[in-house]
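Peer 1: Can you look at this prediction? I've put the sequence above it.
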Amino acid sequence: MYRTELIHEALKARENAYCPYSHYAVGAALLGKSGSVYRGCNVENASYGAANCAERTAVYSAVAAGEKKFVAIAIVGGLEGAQPPFSQFAFPCGVCRQVLWELGGEKLLVIVARDEDNYQEYTLGELLPEAFGPEKL
Ligand SMILES: O=c1ccn([C@H]2C[C@H](O)[C@@H](CO)O2)c(=O)[nH]1
Ligand SMILES: [Zn+2]
């Protein structure tokens, strides 16, 4: 079941989160059409607004590697030091939903997980209705 494997990758990615300001660690694993998986974690900054979310880190890593079509993303989040199962499902923020839309579109599968066995799934179309995307330009 690729969902479980993708959540596992997101949990590994979360271990690298750099979050000394919020102490909230997020991990993401993005499955590309090629079959490759790209990990991302949140990367904060002393200039707080320069922080990057885990989901966007994964997207930018994928694009940098040449991947231009996304199939699914798994996301996990919890306080730094906490272990799964986390207390909440980590839904992507609005900016990340928009960025995922660009190369994922409405069919992108978004898996939010508390651990490998406890997850919910949505399409990006459900999480970002009436999105503004490349086809509008
Ligand atoms: O979907 C989300 C929401 C928040 N964060 C990060 C940004 C920041 O580093 C910390 C607290 O907002 O969590 C993510 O990585 N993904
Ligand atoms: Zn975000």
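Peer 2: Perfect, I can see it now. Numbering: from 1, shown residues only. Ligands and ions are numbered 1, 2, ... in the order given.
Peer 1: To what extent is residue 110 buried, counted in neighbours?
Peer 2: The criterion is other CB atoms under 10 Å. On that basis, residue 110 has 24 neighbouring residues. Where C-beta positions appear, they are placed from N, C-alpha and C, glycine not excepted.
Peer 1: tell me the mean pLDDT for the longest helix seen in the chain?
Peer 2: Counting residues, the longest helix in the chain under DSSP state H turns out to be helix 2-14. If you average the pLDDT over helix 2-14, you get 98.
Peer 1: Residue 56 is in contact with residue 97, isn't it?
Peer 2: No. Using CB atoms under 8 Å as the test, residue 56 is too far from residue 97 to be in contact (10.5 Å).
Peer 1: In terms of neighbours, single out the busier of those two.
Peer 2: It is residue 56, of residue 56 and residue 97, that has more neighbours when counted by other CB under 10 Å, with 21 against 18.
Peer 1: now the angle from whatever helix or strand the more buried one lives in to helix 2-14?
Peer 2: In the assignment (DSSP states H and E), residue 56 maps to helix 54-64. Taking axes from the mean of the first three to the mean of the last three CA atoms, to 10 degrees, helix 54-64 and helix 2-14 form an angle of 100 degrees between their directions.
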